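> any chance you can model this:
(2 chains)
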Amino acid sequence: MAELRVNGTLHRIDAPGDMPLLWVLRDLLGLIGTKYGCGVAACGACTVLVGGVAVRSCQTPLEAVDGPVTTIEGLGQPGALHILQQEWIAHQVAQCGWCQSGQILQAASLLRQIPRPSDAEIDAAMAGNLCRCGTYPRIRAAIHAAAARLAAEGPAAGNADGGAP
Amino acid sequence: MNGRKIWRRARRMGRRAFLVGSVLTGAGVAFGVHTAARRLPNPLRGDGVMNPWLVIGPDGPVVVVPRAEMGQGVTTTLAALVAEELDADWDAIRVIHGPPAAAYFNRVILRPALPFAEYRTSALVEALGTATEVLPKAMGMQITGGSTSTVDGFTPMRAAGATAREALKAAAAERLSLPVADLKTVSGHVVAPDGRRLAYADLAPDAAGRDMGRIALRPAADWRLLGRALPRKDMAAKVTGAAVYGLDIRLEGMRFATLARPPVCGGTLARHDAKAAQAVPGVERVLPLGGGIAVVARNSWAALKGLEAAAPEWETPADAPDTDAIHEGLARAISGGLANSRLVSRGGEPPADTPVLEYRLPPLAHATMEPMNATALFQGGRLHLWAGCQTPEIARHAAARVLGIAPDLVALEVPFLGGGFGRRLETDFVTLAAELAGQMPGVPVQLFFSREEDMTHDFYRPPLLARARIWTDAQGGPGLHLDLATQSVTRSAGRRMTGLPSTGPDKIGVEGAFDQPYALPNLRVRGHLADLPLPVGFWRSVGHSANSFVLESALDELAHLSGRDPFEMRHALIAPEDPSAARVLARAAQNAGWGQDGRALGIAFCHSYGTTVAEVIEVTQTEHGIRIPRAWVVCDPGQALDPGIIAAQMEGGLIFGLSAAIRGQITLTAGAVDQLNFPDFDGLRINECPQIFVDIQPSGRDPGGVGEPAVPPAAPALANALFALTGRRARSLPLQDMFDFA
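Numbering: from 1, shown residues only, chains lettered A, B, ... in the order given. Have a look, this model is predicted:
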């Protein structure tokens, strides 16, 4: 029986220790916002935050989770959207949307480390997140906009404590 | 073109037209005029049902968008068509997919099958086009594809809003004892001259069921919603994780299953270890499925581990082809026998010593981000399906056949699609889920393909082998002869979709090459078909995606051969044939600063799905390799119904095309697909993505599609830019085989 804190709630999980966090979230906890794309950490669709840092949940065994987990459901919700989610809407980023939870959480991890990233820093941080619809130009613009707002308004602006509840 | 000319031309071309996939001829004969004129029943029941596209309930208007939302923005633009005439607030409109139903047939889905160059025969196609509407209606072809959703919905969905508005006004007029002419509609209310406001929700029960006849639709000048970049209806759900896709369906007691099928066409299951699979905690059953096995478990991880433990092994046919054998098959198709099509042939022959330029394009997977999946429950003789599917009516009927039950006993719900690109036009994942559910009655089961199963069991874009000869004739006129050999998507996918055989010239095999507005004095395009054991299907922009690469590369070669500028030559050839297309091309060149400095630029053009697109791509050599810093797209989609969504589709289409051009390829070893996962078949990443400048130049004619037309010019524009940079001409894809990209 493993204990897992997800989006601020403590869960007791009855599952093998080698079960990837992805399937714990999706199939055991019903948090379907985290997506399966490849199963080999090659596409980033399954990205969540563990202790505020982006990880590929498809390659993170349950027993290796060493901090609180934030999924897209915990980052922000209607009425209290994270600043990245607000900018994702403002820039109308998503098309099919399957990769976007992972994109947003990867971006949240980036902004925690580099509050005002350059294009090159965005490229470096986001290159592991594949989008087959081709939303990259808007992702880049939304990250810049979110970073600018965070700088101007402060982290309180967007419930931006992404990942360390 | 006037009416007489149209029909003269129609008669002349008629024989060819009605050979197009007996799909079309068959329709007329089999279903006749009665079916064509029949009014299809409204599948919606209950209070406030205004028509098949609109329900006004107590909580406001619900627009039924009977097309799959796979990212192209269809839930937004089709809802806006209804909302525009309804005078409802955009924020108050909700959207649902609605049930599969014949009433939602796609009127225009087969129009592209007519073997004409669409850009100059719209009146002709309009006249003949009604013939192509018989089959979709008779067969209930509710299909999201061919970039047709707005083309198809443009008039009926506005009419749905307009007739509902007038019905609401009529109901209000009775209630207020006022003439209808005195009433206005504003923000979801009927408003009387004295300021009294009646909410649509209150009027709807009275208004529903009134036949308002034909209502004149508003001219574009009066539009308030259309023509604006509206906030997408699916956006908030997609950035909060709330959007439900096929793989996100969760039902009480649901089991998760994954499968393995023979990796080679015609292969069979030799052995597997069911006991080992069942020893995995959480695994419940191992069942035969689709010629292979499915492992049913309490969660997806257990199913995947169980399948690994089952370690299925396969018998493989002895003559299973390698990639080379596929290309040899294409070469035989070009060399031997009669061509399948010769839709354009004019001018003279090339000199005998004209070299043959050979182009090769590999098969491509769709690789949607959400792997194929469907969820099914077979209970009490009824089947309930949940599937992200572009062909719900066809899928529902196919699933009924699998279980041997009546189609009426099959319900299908369509959630969001995590990408389509043509892959979800197929029904394999739906019928497999039905077959599995049939073996475990009463238990809902979600069947999902692993990424590896998805990539190795696709219906691929077919490979292409092309031979081109280019020359300049004695009068200085350019000449181009193209022979294109491919597998027929029309015959394979068309048959899977309609159950009908196709014969005659296959337009898809040559579209994007024979039908472009180039006034070349010497031009011949012949299509050849090869029957090869690779499953092929519709891949975003279909034939255009491959053939445009050949045409636009060969034209570039022709320009260089004759010492002309590639833009200038194209423009000179297009201007007399299609002035508005020439403006699009010229604007792309202008936006990119063509010819103004020493940058390496490539240009390409393609008219497809009613929309003209020109793209210019810039490449530079860096110490890490070649980069693509910038790209320019200019499009004429007729009407810019939602410029935000159109721009997104242009950006996405360009990137999709570049992904395929740079690294997309499926290869076969002894019949099995070599590429298993994204590391083997990757798309462009953000660090490789150019800055993209989209410029929408609507000409004002009826809307064209936008989901696909930006794909075709991407590969040739890039290859032409690489030639400008390096002097090396790429005649095969993927380009990473020849160039080092940063």
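> tell me if A:R140 really is in a helix.
Yes. Counting by DSSP: H, G, I helix; E, B strand; the rest coil, A:R140 falls inside a helix.
> for burial, what's the neighbour tally of it?
Neighbour count of A:R140, defined by other Cβ atoms under 10 Å in any protein chain shown: 21. From N, CA and C alone the C-beta is placed, and that goes for glycine too.
> show the contacting residues for it.
Residues near A:R140 by Cβ atoms under 8 Å, 6 or more residues apart in numbering or on different chains: A:119, A:122, A:126, B:686.
> for the residue nearest to the last one when sequence neighbours are not counted, phi and psi?
Looking back up the chat, that one is B:I686. If the residues on either side of it in the chain are set aside, B:I686 comes closest to A:Y136, at 4.3 Å by Cβ to Cβ, 6 or more residues apart in numbering or on different chains. Torsion angles at A:Y136 (phi, psi; degrees, to the nearest 10) stand at phi -50, psi -40.
> right, and A:Y136 touches B:Q691 too?
No. A:Y136 lies out of contact with B:Q691 (Cβ atoms under 8 Å); the separation is 10.1 Å.
> give me the contact list for stretch B:155-175.
Applying Cβ under 8 Å, 6+ apart, the set of residues contacting stretch B:155-175 is B:50-54, B:56, B:78, B:81-88, B:107, B:178-180, B:182-183, B:185, B:190, B:192, B:198, B:200, B:203-204, B:206-208, B:210, B:212-218.
> so who does the residue in chain A sticking out farthest from the centre touch?
The C-alpha centroid of chain A is most remote from A:M1, which lies 25.6 Å away (Cα atoms, centre = their mean). Taking Cβ under 8 Å, 6+ apart as the contact definition, A:M1 lies against A:12-14.
> quick one: it and A:T60, what's the gap?
The spacing between A:M1 and A:T60, counted by Cβ to Cβ, to the nearest Å, is 19 Å.
> picking that back up, could you dump the contacts of A:M1 into JSON lines and include secondary structure, distance to chain B and pLDDT?
Output for those, formatted as JSON lines (DSSP: H, G, I helix; E, B strand; the rest coil; distance: Cβ to the nearest Cβ, whole Å; pLDDT from 0 to 100):
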{"residue": "A:R12", "secondary structure": "strand", "distance to chain B": "16", "pLDDT": "97"}
{"residue": "A:I13", "secondary structure": "strand", "distance to chain B": "11", "pLDDT": "97"}
{"residue": "A:D14", "secondary structure": "coil", "distance to chain B": "10", "pLDDT": "95"}
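> who's in contact with the spatially most central residue of chain A?
By Cα atoms, centre = their mean, the mean C-alpha position of chain A lies nearest to A:L105, the distance being 1.9 Å. Taking Cβ under 8 Å, 6+ apart as the definition of contact, the neighbours of A:L105 are A:47-49, A:54, A:70-72, A:75, A:162-163.
> list buried residues within those.
A:47-49, A:54, A:70-72, A:75, A:162-163 (16 or more other Cβ atoms under 10 Å in any protein chain shown).
> return only those of the residues you listed found close to chain B.
Among those, the residues within reach of chain B (Cβ under 8 Å from any Cβ of the partner chain) are A:71-72.
> so which of the buried ones among the contacts of A:L105 sit within helices?
Taking DSSP state H, the ones among the buried ones among the contacts of A:L105 that sit in helices are A:72, A:75.
> and which of the buried ones among the contacts of A:L105 is nearest to B:G253?
Checking those against B:G253 by Cβ to Cβ gives A:T71 as the nearest, at 24.3 Å.
> is it true that the closest one touches A:N7?
Yes. Taking Cβ under 8 Å as the contact criterion, A:T71 and A:N7 are neighbours in contact, 6.1 Å apart.
> same for the host helix or strand of B:A437, what does it pack against?
Secondary-structure element containing B:A437, defined by DSSP states H and E: helix B:428-438. Contact analysis of helix B:428-438 by 3 or more Cβ pairs under 8 Å, 6 or more residues apart in numbering or on different chains; DSSP states H and E lists strand B:283-289, strand B:373-379, strand B:382-386, helix B:392-403, strand B:445-448 as its packing neighbours.
> list the contacts of A:L110.
For A:L110, the contact set (Cβ under 8 Å, 6+ apart) comprises A:54, A:117, A:121-122, A:125-126, A:143.
> can you verify it is assigned to a helix?
Yes. A:L110 forms part of a helix when assessed by three-state DSSP.
> may I have the predicted confidence score for it?
Each residue has a pLDDT score; the one for A:L110 is 98.
> setting aside sequence neighbours, what's the nearest residue to the closest residue to chain B within chain A?
Nearest residue of chain A to chain B (Cβ to the nearest Cβ) works out as A:G33 at 2.0 Å. Nearest non-adjacent residue to A:G33, counting by Cβ to Cβ, 6+ apart: B:G241, 2.0 Å away.
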